[in-house]
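A.B. asks: build me a structure from this.
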Amino acid sequence: MASDFFEPGRHGDADAENGVTDFAVNVQPGPPEFVRAALAARLGDLAAYPTPADTERAVSLIADRHRRRPAEVLLLDGAAEGFELLARLAPAHIALIEPSFTEPERVLRATGARISRVVGEWPWRLDTAQVPDDADLVILGNPTNPTSVLHTREQIVALCRPGRLVVVDEAFADLTRDAGTGEREPQSLADALPAGVVVIRSVTKTFGLAGLRVGYLLAAPEVIARLVAGRRHWPLGTLALTGLAECVGPRGDRYADRLAGRIAADRDHLLALLTAAGIELCVEPAAPYVLIRVDDGLGMKAALRERGFGVRSCANFTGLGPDHLRIAVRSAEDSSALVAAMAQIAADRLLTVPGGL
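C.D. replies: Okay, here's the model as predicted:
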């Protein structure tokens, strides 16, 4: 039913059905062969509990990658667990920078804290004046999902103040590039980690590991100590630890770098197609997905489904509506087929309008 698209807990995986070309989910195809081989090599170890050595290896590789101390690294059972752990900080007033990923609000509602939705005006750039002064926890995405907006480091750091933690969801940061210099992760705070900032990262999107659930968090040791108080033993299994280590190690970093370059080229192709077709681009995208606006977005989504394409409705994102659709960046061939279908749907609608040509 169309009403389901407005449910806050709905995710794009509901639109990634078998037999449908998936433009709805932002997970890259995968995992790459070197990750598959590493996982397969550990299957014989599954009768034993995960070892401290596996945890230490993953933590060490993450610390090296971001030039952090191991004490500043927390491994996560999927990046979404990071939002669950934030509840242990017992915030009094949470400010959510919207439009953004819906999971933080869903899990933090249970804390009973006051929650303010800070909805920026198009093109959804950060405005520190909109954030309530007494908010002791501020959460935002960078790049933001689903808008594909990339905030600057300076804009994010301007949110910091004594007694406040700023949590940055960088799930897609490893696939961003500076359009001018080609620098990867140009606005990430993972390497800098200013005081009062927590960074949550995922590897499942880039490496095609959504079914394994792995991620990590970077924060001051005293913040991590509060997050893990009372946490269960073995939060990550052997395969998760193995996969995480492969993804954040040197080979994984080289893979992500090549993938970021390919996605940038495929995104440029998609943007050119959408522009030529007269489809409205909401912002210049920085992430591996593009936000568009079309009249009767839910109708367009349904018509595309009939033609074998799945796209993400943004009807359930605060600050957006049913006419907004998110399109994942795919191959040039698949993108060409999608946009051709959208153009044909739009043409068919014009012809069926009373008095149309």
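A.B. asks: point out where this protein drops to low pLDDT.
C.D. replies: For the chain, the stretches with pLDDT under 70 are 1-3, 6-17, 351-357.
A.B. asks: can you pull out the strands in it?
C.D. replies: Ranges of strands in the chain, per DSSP state E, are 21-22, 73-76, 93-98, 114-119, 137-141, 165-169, 197-202, 215-218, 280-281, 289-293, 309-310, 312-313, 324-328.
A.B. asks: which helices and strands does the first one pack with?
C.D. replies: The contact analysis (3 or more Cβ pairs under 8 Å, 6 or more residues apart in numbering; DSSP states H and E) places strand 21-22 against strand 309-310, helix 332-352. For the C-beta atoms, the positions are set from N, CA and C on the backbone; glycine is no exception.
A.B. asks: single out the most deeply packed of these.
C.D. replies: Most buried of those, by mean neighbour count (mean count of other Cβ atoms under 10 Å): strand 309-310, with a mean of 22.
A.B. asks: burial check on Ala47, number of neighbours?
C.D. replies: The tally of other residues near Ala47 (other Cβ atoms under 10 Å) stands at 6.
A.B. asks: now render the helices and strands packed on strand 21-22 as CSV, adding distance to Leu298.
C.D. replies: Output for the helices and strands packed on strand 21-22, formatted as CSV (distance: least, Cβ to Cβ, whole Å):
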stretch, distance to Leu298
strand 309-310, 13
helix 332-352, 13
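A.B. asks: between these, which one is nearest to Thr176?
C.D. replies: Closest to Thr176 of those, according to Cβ to Cβ: helix 332-352, at 19.1 Å.
A.B. asks: okay, now Met300: neighbour count?
C.D. replies: Met300: 23 surrounding residues under other Cβ under 10 Å.
A.B. asks: out of the helices and strands packed on strand 21-22, which comes closest to Gly163?
C.D. replies: Taking Cβ to Cβ, strand 309-310 is the member of the helices and strands packed on strand 21-22 nearest to Gly163, at 43.7 Å.
A.B. asks: what is that closest one packed up against?
C.D. replies: Helices and strands touching strand 309-310, by 3+ Cβ pairs under 8 Å, 6+ apart, are strand 21-22, helix 332-352.
A.B. asks: for Ala303, find the nearest of the ones you listed.
C.D. replies: That would be helix 332-352 among the helices and strands packed on strand 309-310, by Cβ to Cβ, at 4.6 Å.
A.B. asks: so how far is that closest one off the chain centroid?
C.D. replies: 27 Å (Cα atoms, centre = their mean, to the nearest Å).
A.B. asks: coming back round to it: closest one to Gly44 among the strands of the chain?
C.D. replies: strand 73-76 (22.5 Å).
A.B. asks: how about stretch 173-187: buried residues?
C.D. replies: For stretch 173-187, burial by neighbour count (16 or more other Cβ atoms under 10 Å) applies to 173-177, 184-187.
A.B. asks: other residues contacting that stretch?
C.D. replies: The contact list for stretch 173-187 (Cβ atoms under 8 Å, 6 or more residues apart in numbering) reads 142-143, 150-153, 156, 188, 190, 201, 203, 205-206, 256-257, 259-261, 263-264, 286-288.
A.B. asks: so which of the residues you listed belong to helices?
C.D. replies: Among the contacts of stretch 173-187, the residues falling in helices (DSSP state H) are 153, 156, 205-206, 256-257, 259-261, 263-264.
A.B. asks: among the residues you listed, name the buried ones.
C.D. replies: The neighbour count (16+ other Cβ under 10 Å) marks 153, 156, 205-206, 256, 259-260, 263-264 as buried among these.
A.B. asks: out of those residues, who's nearest Ala302?
C.D. replies: For those, the residue nearest Ala302 by Cβ to Cβ is Lys205; the value is 26.4 Å.
A.B. asks: what distance do you get for the closest one to Ala158?
C.D. replies: Between Lys205 and Ala158 the computed distance is 27 Å (Cβ to Cβ, to the nearest Å).
A.B. asks: closest to Val197 out of the ones in helices among the contacts of stretch 173-187?
C.D. replies: In terms of Cβ to Cβ, no member of these lies closer to Val197 than Ile156, at 7.4 Å.
A.B. asks: related to what we said a few turns ago, tabulate the helices and strands packed on strand 309-310 (a markdown table), appending distance to Gly237.
C.D. replies: Listed next are those as a markdown table, based on distance: least, Cβ to Cβ, whole Å:
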| stretch | distance to Gly237 |
| --- | --- |
| strand 21-22 | 27 |
| helix 332-352 | 33 |
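A.B. asks: nearest to Ala220, out of the ones you listed?
C.D. replies: For the helices and strands packed on strand 309-310, distance to Ala220 was read as Cβ to Cβ. The smallest value, 38.4 Å, belongs to strand 21-22.
A.B. asks: the closest one pairs with which strands, parallel or anti?
C.D. replies: strand 309-310 (parallel) (DSSP bridges).
A.B. asks: domain assignment for this structure?
C.D. replies: Domain assignment for the chain, taken from automatic domain parsing, gives 2-29+260-352, 33-253.
A.B. asks: ok, back up a step: out of the strands of the chain, which is the most enclosed?
C.D. replies: Of the strands of the chain, strand 312-313 is the most buried (mean count of other Cβ under 10 Å), at a mean of 29.
A.B. asks: for it, packing partners?
C.D. replies: Applying 3+ Cβ pairs under 8 Å, 6+ apart, one finds that strand 312-313 contacts helix 297-306, strand 324-328.
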